[in-house]
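Student: I'd like to go over a predicted model; first the sequence, then the structure.
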2 protein chains.
Amino acid sequence: MKEETLRDIGEFECIHRIAHDLIYRPELVKLGTGDDGAVFMTPCGYDEVISTDTMVEGIHFTKRTMSAADTGYHLCAVNFSDMAAMGAEPVSFVISAALPGDLSITWIESCYDGIRECCREYSVNLLGGDITGSKQGVILTGTIVGIVPENQAVKRSGAKEGDIVFVTGTLGDSSAGLSILLDGKKEEYPMLAIRHQRPKPQIDFGRILRESGASSLNDVSDGLSREINEIALASRVTIELEKERIPLSDELCRWGQDCGKEPFHFAINGGEDYELVGTISKKNWEYVKGIGGVTGIGHVTKAGKGQVFLKDKNSIKLLTIAGYDHFRL
Amino acid sequence: MKEETLRDIGEFECIHRIAHDLIYRPELVKLGTGDDGAVFMTPCGYDEVISTDTMVEGIHFTKRTMSAADTGYHLCAVNFSDMAAMGAEPVSFVISAALPGDLSITWIESCYDGIRECCREYSVNLLGGDITGSKQGVILTGTIVGIVPENQAVKRSGAKEGDIVFVTGTLGDSSAGLSILLDGKKEEYPMLAIRHQRPKPQIDFGRILRESGASSLNDVSDGLSREINEIALASRVTIELEKERIPLSDELCRWGQDCGKEPFHFAINGGEDYELVGTISKKNWEYVKGIGGVTGIGHVTKAGKGQVFLKDKNSIKLLTIAGYDHFRL
């Protein structure tokens, strides 16, 4: 039987099929979807944080490496992660979907199931969206609004001489996960696959690090080399990382041996881990290092022009940005 | 000389070129673009309204009928218009742009000039965005957050028996404008062209109508027939419109004669006018009708299932939705 497509049911029936179970923090919503705009509140004593992120089929995901539900979950996670990186909690989310007419209804319904799953997990309200046609492939844009206690958002620019540089979790798993998915080795490396398909925004760590006095914070969306350079540049400091302290997962090390690539390559240049990287004073680090899941990987050596050095045993070299450019493939 | 493209300068130089002059209401911003998220405030005593709208090249616009600056201006206007339709003022705007690598830098710079022009005109802060590649054509998504005094957002669902139905401005000009642009007759019908290329979000009217006690409000994005049916359905009332009272511009009437189409066709079925349509009690209408630019076009006859009738001299017929479906072209 031919699969039902968007063209078969039309725009308004499509909206009807996906617009259910959208509110996971009802006390902050006055009017949900279905009008020209949704109405919500921000509690007194909070600032708001806003950010937007787009996923383009064929660039950020393919149907080969991500299921529809993974894609929806991923869209939420990458947006919510920007809130974690400011020490904020995500609250209100809207989605714009540009979809080709021959897309199956099953795909878009599953995609919204993935969206709902992530929104439920992090108590985020889905406050509407826009559905339009697309000339080629699926394009999903999420915009997230979060809240953070007044004047406490954690910027990139606050790193100070003597601060410890830390990361949460392990790095490189997501980009390694993409390569194992493309190699068809999901069963052998299930954790790497899941880290690529369903990254976890580090909302709790963002809050804890803010409360613990982190002086700067970024999420690792574009690879450690870019993120740490952004912090060094915004804070006008020089940073030194110790390569052997960068936390790697066992599966990543095993995959490195299997594919003949240095695991650090994934950790330093691979993106989409959505872990947090940042800086904190030595005094505050004493508390943070005890909570588990956060690793010190270097320190801020001095005020400077924004350079990052990578120390590897007895050698030390400049760590330049090796990230992804959307227009230079 | 070959025009410089996005591929020539790369993603990060592109962001550098467009990210200037973004703040037009500084008292509500704590941190602008350049970090993982921007930080802003909402004044006490206000609710917030959020909405998102996408423009896809080849569907919502073409380079033949809109300049780059028009496209940017239009993106803002359609988003801000959703705020007007809630009686809110737009405050914080973010943009996600999916762009093909062969797009000229001049185009994207001009597009952002148009965005800046509209943001300046309506005192809206540009709080960041996302730039990614696109496999085909330009896709722009805006998300707007606005403010409205607590519990005063104007919904679609408040129309009551006996209310007057009103519209602001004139209807049909934008879709007629598109047809004259495609016909190459911009010089003969300059007002129609500008109504299509640079629609005006009716922010002031939205505020005045809210303050005057409008019981329902919609912006005319998808054609009067759809918008008024949405109000009737959400409010569970029956509405009767008088065809000859629907306000038409002189240029639209002239173009109707020229192209052999009834001008009411554009007014009733054509979208993108971004005027406001709504309902208000007879008592409150006495004040509103004196302010100019608002026309009574019918009334709410009774509670009902959400039907709209169009009265034309001695005949009366059901006005069904004749709008645009993105998947049924």
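Tutor: Received the coordinates, thanks. These figures come from a predicted structure and were not determined experimentally.
Student: Contact residues of the stretch 151-300 of chain A facing chain B?
Tutor: Within reach of chain B by Cβ under 8 Å from any Cβ of the partner chain, the stretch 151-300 of chain A has these residues: A:151, A:153, A:155, A:156, A:157, A:217, A:218, A:219, A:234. For the C-beta atoms, the positions are set from N, CA and C on the backbone; glycine is no exception.
Student: at 7 Å what do you get?
Tutor: Residues of the stretch 151-300 of chain A lying close to chain B (Cβ under 7 Å from any Cβ of the partner chain) are A:153, A:155, A:156, A:218, A:219.
Student: The helix or strand where residue A:72 lies close to chain B?
Tutor: If you go by DSSP states H and E, residue A:72 is part of helix A:68-84. Yes - using Cβ under 7 Å from any Cβ, helix A:68-84 reaches chain B at A:82, A:83.
Student: which element follows that helix toward the C-terminus?
Tutor: Next helix or strand after helix A:68-84 toward the C-terminus (DSSP H and E): strand A:89-99.
Student: other SSEs contacting that next one?
Tutor: Taking 3 or more Cβ pairs under 7 Å, 6 or more residues apart in numbering or on different chains; DSSP states H and E as contact, the helices and strands that strand A:89-99 lies on are helix A:68-84, helix A:105-121, strand A:125-133, strand A:139-149, helix A:203-211, strand B:46-56, strand B:139-149.
Student: got these as a markdown table, with mean pLDDT, mean neighbour count and distance to residue B:98 columns?
Tutor: Compiled in a markdown table, the helices and strands packed on strand A:89-99 are given as follows (pLDDT from 0 to 100; neighbours: other Cβ atoms under 10 Å in any protein chain shown; distance: least, Cβ to Cβ, whole Å):
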| stretch | mean pLDDT | mean neighbour count | distance to residue B:98 |
| --- | --- | --- | --- |
| helix A:68-84 | 98 | 26 | 14 |
| helix A:105-121 | 97 | 19 | 17 |
| strand A:125-133 | 93 | 24 | 12 |
| strand A:139-149 | 98 | 27 | 6 |
| helix A:203-211 | 98 | 21 | 27 |
| strand B:46-56 | 97 | 24 | 9 |
| strand B:139-149 | 98 | 27 | 4 |
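Student: out of the ones you listed, nearest to residue A:98?
Tutor: strand A:139-149 (4.2 Å; Cβ to Cβ).
Student: Return the list of helices and strands in contact with the closest one.
Tutor: So strand A:139-149, by 3+ Cβ pairs under 7 Å, 6+ apart, packs with strand A:46-56, helix A:68-84, strand A:89-99, strand B:89-99, strand B:139-149.
Student: Dump the ones you listed to a markdown table, plus distance to residue A:309.
Tutor: Converted to a markdown table, the helices and strands packed on strand A:139-149 look like this (distance: least, Cβ to Cβ, whole Å):
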| stretch | distance to residue A:309 |
| --- | --- |
| strand A:46-56 | 30 |
| helix A:68-84 | 27 |
| strand A:89-99 | 34 |
| strand B:89-99 | 34 |
| strand B:139-149 | 39 |
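Student: To residue B:43, which of these lies closest?
Tutor: Residue B:43 lies closest to strand B:139-149 among the helices and strands packed on strand A:139-149, at 6.9 Å (Cβ to Cβ).
Student: Put the alpha carbons of whatever helix or strand comes next after the closest one into PDB.
Tutor: Sequence order places strand B:164-168 as the next helix or strand after strand B:139-149, per DSSP H and E. Taking Å, rounded to 0.1, in the frame of the first residue of the first chain, the C-alpha atoms of strand B:164-168 are listed here in PDB:
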ATOM      1  CA  ILE B 164     -19.500  44.300  15.000                       C
ATOM      2  CA  VAL B 165     -16.900  42.700  12.600                       C
ATOM      3  CA  PHE B 166     -14.300  45.100  11.400                       C
ATOM      4  CA  VAL B 167     -11.100  45.200   9.300                       C
ATOM      5  CA  THR B 168      -8.300  47.700   9.200                       C
END
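Student: Buried residues, the next helix or strand after strand B:164-168. List them.
Tutor: Counting by DSSP H and E, the next helix or strand C-terminal to strand B:164-168 is helix B:173-182. Buried positions in helix B:173-182, judged by neighbour count with 16 or more other Cβ atoms under 10 Å in any protein chain shown: B:173, B:174, B:175, B:176, B:177, B:178, B:179, B:180, B:181.
Student: pLDDT of helix B:173-182, averaged?
Tutor: For helix B:173-182, mean pLDDT rounds to 96.
Student: Please save the CA atoms from it in PDB.
Tutor: What follows is helix B:173-182, C-alpha atoms only, in PDB (Å, rounded to 0.1, in the frame of the first residue of the first chain):
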ATOM      1  CA  ASP B 173      -3.800  44.800  -2.300                       C
ATOM      2  CA  SER B 174      -1.000  42.400  -1.600                       C
ATOM      3  CA  SER B 175      -2.200  39.500  -3.800                       C
ATOM      4  CA  ALA B 176      -3.100  42.000  -6.500                       C
ATOM      5  CA  GLY B 177       0.400  43.400  -6.000                       C
ATOM      6  CA  LEU B 178       1.900  40.000  -6.700                       C
ATOM      7  CA  SER B 179       0.000  39.700  -9.900                       C
ATOM      8  CA  ILE B 180       1.000  43.100 -11.200                       C
ATOM      9  CA  LEU B 181       4.600  42.400 -10.300                       C
ATOM     10  CA  LEU B 182       4.400  39.100 -12.300                       C
END
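Student: Now do that helix: which elements does it pack against?
Tutor: Contact partners of helix B:173-182 among helices and strands, from 3+ Cβ pairs under 7 Å, 6+ apart: helix B:190-197, helix B:250-259.
Student: tell me which strands and helices the longest one is in contact with?
Tutor: The contact analysis (3+ Cβ pairs under 7 Å, 6+ apart) places helix B:250-259 against helix B:173-182, helix B:190-197, helix B:263-269.
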